[in-house]
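Undergrad: Return atomic coordinates for the entry below.
(2 chains)
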Amino acid sequence: MKALRTLSSGALIALLALVACSSNGPQKPASSSTSANPSEPSVPPPAATLRLISQSEYANSIAGVFGADITVKIRFAPVNRVDGLLSVGRSSAVLTSGALDPLDASARSIAAQAVDPAHRRFLIPCVPAKIDARDDKCARTFLAKVGRLIYRRPLTSDELTRAVETAGAAVGPSGDFYAGLRYTLSAMLISPEFLFVREMAEPDPGRPGAWRLDGYSKASRLSFLLWDSGPDDELLNAAGRGELHDPRGLKRQVDRMIGSPLYKQGVRAFFADFLVLESFDTLTKDPVIYPAFTLKAVDEAREQILSTVVDHLVDRDGDYRDLFTTRHTFLSSDLAVLYRIPVDIGSQGSVPYEFQEGDPRAGILTQIGFLAQYAHPGRSSSTRRGRGIREVLLCQKVPDPPPNVDFSIIEDPKAHFHTARERLAAHQQNPVCAGCHARTDPIGLGLENFDGAGQYRTRENGAVIDASGKLDGNTFSDGVGLGRAVRESPALKSCIVDRLYAYSVGRKVGPDETALLEYYESVLEQRGFRFEEMLRLMIFDRSFFAIAAPETLAASNNASMEESHHAHQD
Amino acid sequence: MPRRILYSKYGYLQAGGISMFGKRIRRHHYMRALLIASSLILLGAVIAVEADEAASKSGETIGLVLTDWRYALYQTPGAGECSLGLQKGAVEQFKAQDDPLGHFKKFGGTFETRGPNGEDPNFSPMLVTDPLPFSELKTNVGFGFNLDGTSDGRATSNTLAHDKFVSPEGERVDNQLARVVGCVQGWRKTGFMAEFYAKEVETSPINRHLIEITGVHDEQNEPNVEVFIYKGRDRLVRNASGSFIAFMSHRIDERFPQFMLKTHGKIVDGVLLTDPIPFARLPLVQIQMTGERDIRDLRLRLKLTPTGADGLLGGYELLDSWWNNHSKSPGSDPGLYSPAGIYRALYRYGDGYPDPATGKPTAISVAYQVSAVRALIVHPTHQAPGVVVAQADQKE
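TA: Below you'll find the predicted structure:
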């Protein structure tokens, strides 16, 4: 059986010299992964992907392989957000030599920690006969075990032989068996086999002529989706036995993974990507205007969003749409200042908190994080908030402003505009601006009771704030009402389905997959948009692991490479 | 019958709740603390704190946490208000005494072994005599409260005759401790001890003083408010511009009911004025030493702002505890003062609560300049670990 490696559009790395087609070792062929739902549309299978792992996937994988006490200090170079997701952008990421330097340093640091005296007796399953001489048997035992977790598949015979030889040769100059392991380990950790998730295809014996992901590629896709980390030993074992091709075996593993504490890690990773939470890394406010908006408050605001998401979607098994109306959240000390709510907790951690009926806050739109994220450093921004809702939550594109916007009307000191509504009304007198602002501002004005740091207010410059508005025919009078309107927006449902599917497969979703996404949405419309339900619907769908045939791939690859080439020239 | 929790021999503390601007976040939790301060060795005074009332009063609540605490001193550049300039330090006093070299050879130290037999003047101040004179505060300008109610400082039933200062507002005020420390470089603004302690006020949770004002309907003028003082347990936080952040949550440190105080007060033109608290114990870490302040007739005068307060805290501070706090810390060398001179001045200027038997003062009038930011004061909502339920309370 011959497996096929395919590259997604433009996935490049200078040091990657991956073989186009390779075998992944012995695997038991199994029948097609799931039975087709009668109403499920048939869509053309997509290409397999090659994507750069994320910073959190890197850190979580290291913790999974070596333990959580291994210090990982690295900051990945930013990647482009494509179709609303960094994870999709990583499928066309370029790893430059500059970006490799910190990865190399991190690999050396992790390898040194893994074989140091404090860790070797736990991580290395054997002791060399002599510490100052090579011991190929011990090295082979360790490298086979750890290499399988790092590469997310068993090492090939050649790979293992080379690794053992490299480790043995490195003992000579250093006179230290463990230095040899360290040397080899750091090479593995800088290898594209670790840094890139490379999906492998194989013919699907259950569907003659069709192709599917191989077992280990399925394991990686599941693991990065559900755990934000590489597969563990049990998942790799299941993949090796071909169980992931069997619906019952697949379900058994998915049940286990969703039942694991690591599942919350996976949920957090998706929403950190989906909700653009990396913007908090650079989120600052004018300390004179917002003295309580500290760096710690920023971190806690980000954490509040994720804690609310996990609490609502995992612990409470709530409907995704209710995330915009829920009154349950968590508060921590430095964040509670901005809410003006006392919390019975010290400087670390958070406590559950429920906004009472009638409180001006409910749902994540009225949390400090969202409000501050989409605002100016010194004032609120109805436009940014409206755009954030449109683009991030409803997947609706709002064009960038033209470079020559005329702000003279609203910047005129004699104008005496009291509120954002008045300023924006004046701004929209410019017909060039009016088109886009008509899409953003009526929504964002619903959050005007919150200043640029997300603090509640009823007046601006002495004038009572009017936070009324309308979304998709639903009128509202304040931020809580806006949350209800967003909850009822049809675009909210299609957006989460689109984004989650793209995230789960790690690539751009093509126009020929629209029918599939509509099918998912129609099913969830009946079952409810519970997050676990969404995941299971996609994972157990016959399309989830389907892969295009090699001929299709070759053509697709050529087209993608050409497109990428043109993009770089641009 | 609500449970009662015995914290110490001084009193008990009962379950409470969180209050903010007069709203009860947890209505069924209420705190009630009764402090029978028996220090009590000296006074046998009884202080009762009904903290539960803090939340049950109508009106809103103002919470404050102190961020700065200094002696309220009138000082000018060049120390022109001091008769001989700034006090001479302990090392200079040592050098000026007879045969310092011989003393050094005999006892192996300098300022810390100035006694005739090498005694430390911090512990045996009366065994040491300063050869250089004490620089007296000669100004009549000062800050403080009119504690004795007189305009001329004549003796009363509780005070000894003394000179009054005139405040910038023209009030005759008492602050005899300013005459003791007012010419000490270390305790003046930017001085070593003043700034070191100011940092400790910020960084040590022992120095976390919370003030809760309840029953506030009008922050500018309110004829009757309740004022509670607690020890807090949380940190102060500054923002990037160096300002203390207001409206942080500050939990009452329920382990120390002896530091819970209550009094009445009023707000006049935005200034909080409190009735005196007969006897107040306040936690203290000062120049790395832990102790407590003991102040009789403690009162506050704080100008309230939307984000904090500034003003004075004053009363009659007990001489024993004041000296204990100061003599334990290693301040005489870097602070540039002589313990022997300071100790004598302390009793020379002491004006409060003379001992009926000896007629000597047991306290001295004092005023501290304090600053605060607004805080959300969190009342305890759970039983503290390790407490014991008193038998008498169980029967109720």
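Undergrad: excluding its backbone neighbours, what's nearest A:Leu86?
TA: Leaving out its chain neighbours, the residue that sits closest to A:Leu86 by C-beta to C-beta, 6 or more residues apart in numbering or on different chains is A:Asp273, at 5.1 Å. C-betas here are computed from N, CA, C, even on glycine.
Undergrad: Next, count neighbours for the one you found.
TA: Residues within reach of A:Asp273, counting by other C-beta atoms under 10 Å in any protein chain shown, total 23.
Undergrad: Please name the residues that touch it.
TA: A:Asp273 makes contact with A:Ser54, A:Leu85, A:Leu86, A:Ser87, A:Tyr503 under the criterion C-beta atoms under 8 Å, 6 or more residues apart in numbering or on different chains.
Undergrad: Just to check, the first one is in contact with A:Ala269?
TA: Yes - contact status for A:Ser54 versus A:Ala269: in contact at 7.4 Å, counting by C-beta atoms under 8 Å.
Undergrad: who touches both of the two?
TA: Residues touching both A:Ser54 and A:Ala269 by C-beta under 8 Å, 6+ apart: A:Asp228.
Undergrad: Strands along the stretch 401-550 of chain A, start to end?
TA: A:459-460, A:463-464, A:469-471, A:474-476, A:546-547 (DSSP state E, counting those that start in this stretch).
Undergrad: need these in JSON lines with distance to chain B, mean neighbour count and mean pLDDT, can you?
TA: Below are the strands of the stretch 401-550 of chain A laid out as JSON lines (distance: least, C-beta to the nearest C-beta, whole Å; neighbours: other C-beta atoms under 10 Å in any protein chain shown; pLDDT from 0 to 100):
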{"stretch": "strand A:459-460", "distance to chain B": "15", "mean neighbour count": "16", "mean pLDDT": "86"}
{"stretch": "strand A:463-464", "distance to chain B": "20", "mean neighbour count": "12", "mean pLDDT": "89"}
{"stretch": "strand A:469-471", "distance to chain B": "29", "mean neighbour count": "20", "mean pLDDT": "90"}
{"stretch": "strand A:474-476", "distance to chain B": "26", "mean neighbour count": "16", "mean pLDDT": "93"}
{"stretch": "strand A:546-547", "distance to chain B": "51", "mean neighbour count": "24", "mean pLDDT": "90"}
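Undergrad: Please identify the buried residues of stretch B:60-74?
TA: B:60-74 (16 or more other C-beta atoms under 10 Å in any protein chain shown).
Undergrad: secondary structure class for A:Asn208?
TA: Slight slip there: residue A:208 is Pro, not Asn. Put simply, A:Pro208 is coil when judged by DSSP: H, G, I helix; E, B strand; the rest coil.
Undergrad: one step back: give the ChimeraX command for selecting the buried subset of the contacts of A:Asp273.
TA: Here is the ChimeraX command that selects the buried residues among the contacts of A:Asp273 (16+ other C-beta under 10 Å):
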select /A:54,85,86,87,503
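Undergrad: any chance of the contacts of A:Asp273 in TSV, plus secondary structure and pLDDT?
TA: What follows is the contacts of A:Asp273, written out as TSV (DSSP: H, G, I helix; E, B strand; the rest coil; pLDDT from 0 to 100):
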residue	secondary structure	pLDDT
A:Ser54	coil	96
A:Leu85	strand	97
A:Leu86	helix	97
A:Ser87	helix	96
A:Tyr503	helix	97
